[in-house]
Each structure stands twice: as structure tokens, then as C-alpha cells.
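Enquirer: Here's a sequence, model it:
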Amino acid sequence: MTTLVFGHKSPDTDSTGSPIIWAWYLNEIKGQRAEAVFLGEPNTEAAFVLEKWSCPKPRIVESFEAGTKVVIVDTNNPAELPANINDLDITAIIDHHKLVGGLETKGPIEITIRPLACTATLMHDLMGADAENMPDWVKGLMLSCILSDTLEFRSPTTTETDRALAHNLAAELNLDLSAYAAQMFEAKSDISAFSDVELLRMDSKEYTAAGKALRVSVLETTAPKLILDRKASLMASMTAVAAEDGADQVLLFVIDILNEEATLLVPNDLVKQFAEKSFGATVSGDTVVLPGVMSRKKQIIPALTL
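Expert: Below you'll find the predicted structure:
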């Protein structure tokens, strides 16, 4: 039976590259049958990365038969996985997020969760000496995942392990690391083809904080004005997205990669309370700037309170 490898819904670059990397490892190094699949359409940065490294886009799977063998990467949160995830045969989890709970397996499995900025970095560690066999396109995907998840080392989640591996991979590929990161971020910043609803769900995770069901969305960009120019329509769309997704509120943080700050859209009093209680901010309009806030995982989610 072929093992399907996938990351979370609304795949970013790490949840795009890491399933492909691990499927390559299982197939070519471990001699197993594995296939990378996606749970949704990759974002524009991830699509750029696939094209850059001449990597065909894996198929998108919307439903899974019970008993399908799977490896989960870059998440352990059931809300980000297929609705029947506990009916599948989960054989391994490889992740760098906090343990959420709620997954049930058919038997003992291998679980690796480490405090690194990127799942692909963790995979390199797991490969050990076998990582020397990675072809250039796998190295390229791995480098891309690291640069994306660390925002070229600006994110507070960045570790020396992530940084050293990225520099080594760039040297092996004869790539100018900063120039390549700029190309990736430019691709990520192109939002022209997306509706407001698509933007609110593009890089979004479901969490509960202070008794409120939240969809916490981030848009990382080098051109925040392109997003903020649409703030009125984005805020107007939040009500419908929250209702459709069973959430009390959508929180949208626009991450300015170059200035290293986040702008939170503030459509109502609930979001204003979250901003003031969570980040010690003073809100006087429909946006608030949060200096130094770059990471949903490390700085936003742990802080959310009322």
C-alpha cells in the first residue's frame, strides 16, 4: 500500500515542500512506496518554489478512504487535517508546532516534534548521513522551506540549526541566499488574483483562545500596502468567513517582512479587546501596528487573551 504524505490545509511553502521531500526520502532511500499529496492549493510563494525547482505539483486530495496509510508533516492539529483523520492509518508525524491533541492512531507510531523553525530542517536531521544523497531539486525545496518559515531568519522561531543548514544548502546550490529569498517574498506578495475570502483563508489556522473560536490568518508580504488598501473589503468579508467556518472571529495579521512588524485589522470591539489585552496595544482606529511581531506560532497564538 502506498503511504500518502501531506501537511496542513491551505499549504504554505513548508507544507508544500516537506511532503515532497519526505516522500522522496521514503521512496528513494527507505525503499517504501510513498506519494506526496496536498490538502489544498499551494499559495503563490509555494507555487513559485515548485516552478523554480521544476517539481510537478502533487495532486490535491479532498477525501480519504478509511485505513489509508498516511504520514502527517508540519502539523498535528486535527482542525488542519482531513475530517476523518482518525479513521486513517497514521504511521508517523513530523512537526515543529506545539502538541495540540485529538489525533488517534491504530497503534504505536513514530512522532518527532522539535523546536525548530521549519519541518524541512527537522527532516534533514532525521535523514542523517542519507541527506548527502539529496538531489539539487530536493535541496532547493528544503532551502525554500527554511527561508519561508524563518522569513529569511527574521522570525523569532529561527534557530542556529535552521540558519546553518540554509547557508550550507545555498552554497551547495551556488545560490545567492538573499536574492533568492527576495524572489520568494515577491511571489508571496502578489495577491492580485485572490478574492478577499481567499486571502482570509490563504495562510490560516483555527484556534480557541479565551473561549472564542478563532481563525487566525497571517499574510506575510514585502508590500503590505497592497493588502491594507483592501482592508475595508477584507473586514467586510470576515463575518461570512467566520460564519461558514464556525468561528467567532477572524483575526488578520499583515506581516511586514522588511519592517519586521504586524498590522492587525480591527473590525469590531472583540478584536480591539484581543489587541489591547494580548499585545498591550492602544487601538484608536481600524488597524493597529504591532512592532516586532512576526510569528503566529511564537508571538501571536501564545499571547491571545481577553
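Enquirer: ranges for the strands of the stretch 51-200 of the chain?
Expert: With DSSP state E, counting those that start in this stretch applied, the stretch 51-200 of the chain shows strands at 69-73, 89-95, 110-113, listed in chain order.
Enquirer: most packed of those?
Expert: strand 69-73 (a mean of 24; mean count of other CB atoms under 10 Å). (C-beta placed from N, C-alpha, C; glycine too.)
Enquirer: Show me what the mean pLDDT comes to for that strand.
Expert: Average pLDDT, strand 69-73: 98.
Enquirer: Mind giving me the packing neighbours of it?
Expert: Contacts defined by 3 or more CB pairs under 8 Å, 6 or more residues apart in numbering; DSSP states H and E place strand 69-73 against strand 3-6, helix 13-24, strand 89-95.
Enquirer: Put together JSON lines for these, with mean pLDDT on each row.
Expert: Below are the helices and strands packed on strand 69-73 laid out as JSON lines (pLDDT from 0 to 100):
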{"stretch": "strand 3-6", "mean pLDDT": "98"}
{"stretch": "helix 13-24", "mean pLDDT": "98"}
{"stretch": "strand 89-95", "mean pLDDT": "98"}
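Enquirer: now the ones you listed as JSON lines including distance to L175?
Expert: Listed next are the helices and strands packed on strand 69-73 as JSON lines, based on distance: least, CB to CB, whole Å:
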{"stretch": "strand 3-6", "distance to L175": "26"}
{"stretch": "helix 13-24", "distance to L175": "15"}
{"stretch": "strand 89-95", "distance to L175": "25"}
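Enquirer: So for V218, which of the ones you listed sits nearest?
Expert: Among those, helix 13-24 comes nearest to V218, with 13.3 Å by CB to CB.
Enquirer: Can you check what angle separates the closest one from strand 69-73?
Expert: Helix 13-24 runs at 140 degrees relative to strand 69-73, counting by axes from the mean of the first three to the mean of the last three CA atoms, to 10 degrees.
Enquirer: Other residues contacting whichever helix or strand comes after helix 13-24?
Expert: Next in sequence after helix 13-24, counting helices and strands by DSSP states H and E, comes strand 34-36. Outside strand 34-36, the residues that touch it by CB atoms under 8 Å, 6 or more residues apart in numbering are 2-6, 19-20, 22-23, 26-27, 58, 71.
Enquirer: at 6 Å instead, please
Expert: Strand 34-36 is contacted by residues 2-5, 19-20, 23, 26-27, 58 when judged by CB atoms under 6 Å, 6 or more residues apart in numbering.
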